[in-house]
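Asks: Sequence isn't available, so here's the structure alone:
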């Protein structure tokens, strides 16, 4: 196997290109058939992803992409054969094959003097001189009474077409025989352009993909696209890769992304170029460079899709839309990027997008100020109050649902709190001049919906109603006492562990002030308890007024007394 060598990049190429070249697994590509010396890919025909079918005609050995199992040449010959059966046709072997490209002139075949056969087993120069002399081939080669044996002519090197490795046959053009014929059939276009864009000869295409002649950066992208396809289990046909190379030569594109824009839509060529551009762009990126962008590719964080800070709908690679509101203020966008970059390391993309959507609503509100919210130092808590009031108006107008209203407040509060904990409000941070009262206070956050506000999942409601009916509770109180009845009612209402309820303190009932849906401030009861099983103390659980009444209800004088450590 030929030892693979990394592509030599031109001086001055940037670090992103270096990262792409460093990401190419040359050993993997060499195992798949890549030859760095000829810059051609010749995969094994039985390769699970790059393999191809061979023509059914005995001795043909060309690719057969058609469902008939015949190559294009044999398919045309079979159509002309008329009534011949397919099996008999395949056994008859291929048509006449011109193998002159593999043979050297009978005269010009010494090292340094090699020239390919043109006609009569001689190169074009030797055969032209033979005809002018009127000699036979044998007399020209070995000499006769009039002329000595022919002398070999210096070799012309390889064909000047960038994608060709054959020996040059024509001194005037420096082309091999096949490319010289193709050049003449094309109307003798400018040689420089023809040499740059001409495809390999037909006989050199079977099972091979020649990338020689393309820009080295483009070759690196194509190789990385092949590598990525193999890593993801995507099948790529050699014929598709040849069409890709041909499109790159014709357009002179400097990258796969540029070539993809001009490739025919809904074709394997367009698909592979777009796939390659996407994977190459990902390989060139890193977290530092991605953070400077306004639309992030979340695959760098191991997530899916994209995250946009400019709003609108950004199509992700799975066909979905990431819809967010733009964050227009530079200081707020910088803070949002810093928060998102850290959050993506510990949470999935969905919650991060939700926070960015809430911050987008805050940015939209600040943009309504006369200064557009561009200067954070002039903001204050009145702007927060105005933001909360606007959310309430949006809910009443039907633009926001009640759930979205509550989530937006909580997410913005979390964002501002996290930014302060991350140090973004320090003098060197993007929020360094933001006043300290630009926060959403606890009293301004909506009270969340309790799980026990809905029907329980463990016991049906009729059963719970029977267990907590006055008759059943009265019977329990008569048998076990008032304290036990209170404990059962409280346990059914708050759903805490029995051990936690038995260790409640006298000061377990507190109240939180909050703003209701109507904009008025109210106090709601909160149960303060410990959770020793998970090592938490002072947990605050919002409760209904009925549970608060149970806790506040005085015990009878002759009932059990609290030790000061637990209740009841």
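Replies: The structure has been received and is ready for your questions. Only a predicted model underlies this, so the values are computations on that prediction, with no experimental measurement involved.

Asks: Buried residues of stretch 166-185, list them for me.
Replies: 166-170, 173-180, 182-183 (16 or more other C-beta atoms under 10 Å). Every C-beta, even on glycine, is put in place using the N, C-alpha and C of the backbone.

Asks: Out of the residues you listed, name the ones that lie in helices.
Replies: 177-180, 182-183 (DSSP state H).

Asks: Which two among the residues you listed are spaced furthest apart?
Replies: Maximum pairwise distance in these, criterion C-beta to C-beta, is 10.8 Å, between 177 and 183.

Asks: quick one, what contacts the residue lying closest to residue 270 once chain neighbours are set aside?
Replies: Closest residue in space to residue 270, ignoring its immediate chain neighbours: residue 263 at 4.1 Å, by C-beta to C-beta, 6 or more residues apart in numbering. Listed by C-beta atoms under 8 Å, 6 or more residues apart in numbering, the contact set of residue 263 reads 247, 269-270, 273.

Asks: Let's see that with 10 Å instead.
Replies: Counting by C-beta atoms under 10 Å, 6 or more residues apart in numbering, residue 263 touches 243-244, 247-248, 251, 253, 256, 269-274.

Asks: now swap in residue 105 and tell me
Replies: Contacts of residue 105 (C-beta under 10 Å, 6+ apart): 113-118, 120-127, 141, 150, 152-153, 167, 169.

Asks: residues near the residue nearest to it when sequence neighbours are not counted, how many?
Replies: Spatial nearest neighbour of residue 105, excluding adjacent residues (C-beta to C-beta, 6+ apart): residue 123 at 3.9 Å. Using other C-beta atoms under 10 Å, residue 123 is surrounded by 30 other residues.

Asks: right, and residue 123 touches residue 140 too?
Replies: No. At 11.7 Å, residue 123 does not count as touching residue 140 under the criterion of C-beta atoms under 10 Å.

Asks: list residues touching both of these two?
Replies: Joint contacts of residue 123 and residue 140 (C-beta under 10 Å, 6+ apart) are 106-107, 129.

Asks: which of those lies closest to residue 378?
Replies: Of the shared contacts of residue 123 and residue 140, the one sitting nearest to residue 378 (C-beta to C-beta) turns out to be residue 107, at 91.9 Å.

Asks: sorry, back to before: anything in contact with each of residue 177 and residue 183?
Replies: Residues touching both residue 177 and residue 183 by C-beta under 10 Å, 6+ apart: residue 170.

Asks: follow-up on the earlier one: could I get the contacting residues of the residue nearest to residue 105?
Replies: So residue 123 contacts 104-109, 114-117, 129, 152-153, 155-156, 167, 169-171, 177 (C-beta under 10 Å, 6+ apart).

Asks: Can you list which of the residues you listed are found in helices?
Replies: 129, 177.

Asks: Please list only the buried members of the contacts of residue 123.
Replies: 104-109, 114-117, 129, 152-153, 155-156, 167, 169-170, 177.

Asks: returning to what we had before: in JSON lines, list the contacts of residue 263 along with secondary structure and pLDDT.
Replies: Shown next, in JSON lines, are those (DSSP: H, G, I helix; E, B strand; the rest coil; pLDDT from 0 to 100):
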{"residue": "243", "secondary structure": "helix", "pLDDT": "90"}
{"residue": "244", "secondary structure": "helix", "pLDDT": "93"}
{"residue": "247", "secondary structure": "helix", "pLDDT": "92"}
{"residue": "248", "secondary structure": "helix", "pLDDT": "92"}
{"residue": "251", "secondary structure": "helix", "pLDDT": "88"}
{"residue": "253", "secondary structure": "coil", "pLDDT": "89"}
{"residue": "256", "secondary structure": "helix", "pLDDT": "92"}
{"residue": "269", "secondary structure": "helix", "pLDDT": "93"}
{"residue": "270", "secondary structure": "helix", "pLDDT": "94"}
{"residue": "271", "secondary structure": "helix", "pLDDT": "95"}
{"residue": "272", "secondary structure": "helix", "pLDDT": "95"}
{"residue": "273", "secondary structure": "helix", "pLDDT": "95"}
{"residue": "274", "secondary structure": "helix", "pLDDT": "94"}
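
Asks: Among those residues, name the buried ones.
Replies: Buried members of these, counted by 16+ other C-beta under 10 Å: 243-244, 247-248, 253, 256, 269-274.

Asks: Quick one: low-confidence residue ranges for the stretch 301-450 of the chain.
Replies: 312-324, 448-450 (pLDDT under 70).

Asks: What ranges does it have for its helices?
Replies: 330-343, 349-366, 381-396, 402-421 (DSSP state H, counting those that start in this stretch).

Asks: For the closest residue to residue 39 other than its chain neighbours, which residues are in contact?
Replies: Excluding the flanking residues, the one nearest residue 39 by C-beta to C-beta, 6+ apart is residue 212, at 4.0 Å. If you count contacts by C-beta under 10 Å, 6+ apart, residue 212 has them with 35, 37-40, 161-165, 200, 219, 245.

Asks: Recalculate using a threshold of 7 Å.
Replies: Shown in contact with residue 212 (C-beta atoms under 7 Å, 6 or more residues apart in numbering): 38-40, 162-163.

Asks: tell me which residues in stretch 298-312 are buried?
Replies: Buried residues in stretch 298-312 (16+ other C-beta under 10 Å): 298-299, 301, 303-309, 311.

Asks: ranges for the strands of this protein?
Replies: 34-35, 40-41, 209-210, 295-297, 306-308, 312-315, 321-324, 509-515, 521-531, 536-542 (DSSP state E).
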